[in-house]
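K.L.:
what's the 3D shape of this:
(one chain, ligands or ions: 1)
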Amino acid sequence: MEVLIFKDSQSLASKSADLVESQIKTYPDSVIGLATGSTPLGLYQELIRRCNEGGLNFTNVKTFNLDEYVGIPADHPQSYRTFMDENLFNKIDIDKSNTQVPDGMAENPLEVGPAYEKMIEEAGGIDLQVLGVGTDGHIGFNEPTSSLGSITRVKTLTQQTITDNSRFFEPNEFQPKLAITMGMKTNLDARRILLLAHGENKAKAVHDMIEGPLSAFCPASALQLHQRTTILIDEAAASELSLKDYYKFVGEMQDDLVRKHRPSDWIER
Ligand code: GLP
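P.N.:
The predicted model follows:
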């Protein structure tokens, strides 16, 4: 795991946008996995800015979102489809038919997962997956004790996640307790992973993900098995890491080494 620690969320957003931009510029038909939540918003704003300024285009890019609530329609204000449309897709030059979000209103939600996996496979697999992490260490909606070998399927949300996400719903509004989410294996199959986290409320999850044991109790710890994962965090999210200084030192050493000897390694397909 490569751990990059930033002084603020703007520099974190800018670096993550650089990595996504390199991927798309090198492979304009890249398949990008996307996440919702407040964490990637800075990245999305930066991508929108770069696209509108003409330096980056998404015309041949395909995207697959991580997850969607079960039981609310795509045009519901809190659906992840609406979130993606409003915070990214409507503001860049992507072809909407190239953007996929699991169907939370499918007649049989159990059939959505295998079909979604097939679509990802037919698109050639995910080149770069953007991830956030929940306060309990979940990725997408892979809640604690999710199989680390799981694929896209229906998951029941934990009370912690329901509470964390209740801020987006009106007090008496129906709030879904089920979601369709890519599995941990789906994520681990991505060629490159960028996981973003900021804020002190993510410090424990970030610690468990990077330094904790590999355990289904913290699904994000499965990323320890992935060969090309970069974790981009701010100082607050890094505050519980015991080897924080070491990661900064590794960063300096690697920068030098990669620049000199492996210039294209981060974006190979
Ligand atoms: C939700 C999403 C996750 C996201 C998490 C954290 O549960 N399903 O993909 O990573 O929230 O959200 P935030 O970035 O708002 O902290």
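
K.L.:
which bits of the chain sit near the ligand?
P.N.:
Within the chain, the positions near the ligand by Cβ under 6 Å from any ligand atom are 35-39, 66-67, 132-134, 140-141, 161, 165. All C-beta spots, glycine's among them, are computed from the backbone N, C-alpha and C.

K.L.:
residues touching the residue in the stretch 101-250 of the chain positioned nearest to the ligand, list them.
P.N.:
The stretch 101-250 of the chain approaches the ligand most closely through residue 132 (2.8 Å), counting by Cβ to the nearest ligand atom. Applying Cβ atoms under 8 Å, 6 or more residues apart in numbering to residue 132 gives the contacts 35, 36, 37, 39, 40, 139, 195, 196, 197.

K.L.:
what about the closest residue to it other than its chain neighbours, distance to residue 214?
P.N.:
Leaving aside its chain neighbours, residue 132 sits nearest to residue 39 (3.8 Å; criterion: Cβ to Cβ, 6 or more residues apart in numbering). Separation of residue 39 from residue 214 (Cβ to Cβ, to the nearest Å): 23 Å.

K.L.:
Looking at these two, which one has more neighbours?
P.N.:
Comparing residue 39 with residue 214 by other Cβ atoms under 10 Å, the one with more neighbours is residue 39, at 25 against 12.

K.L.:
got the contact list for that one?
P.N.:
132, 133, 196, 197, 198.

K.L.:
if we look at the sheet, which residues does the fourth one bridge to?
P.N.:
In this structure, residue 197 bridges to residue 233 when assessed by DSSP bridges.

K.L.:
And it, how far from residue 3?
P.N.:
With Cβ to Cβ as the criterion, residue 197 and residue 3 are 11 Å apart.

K.L.:
cool, and the third one?
P.N.:
As for residue 196, its distance to residue 3 is 12 Å (criterion: Cβ to Cβ).

K.L.:
Thanks a lot, catch you later.
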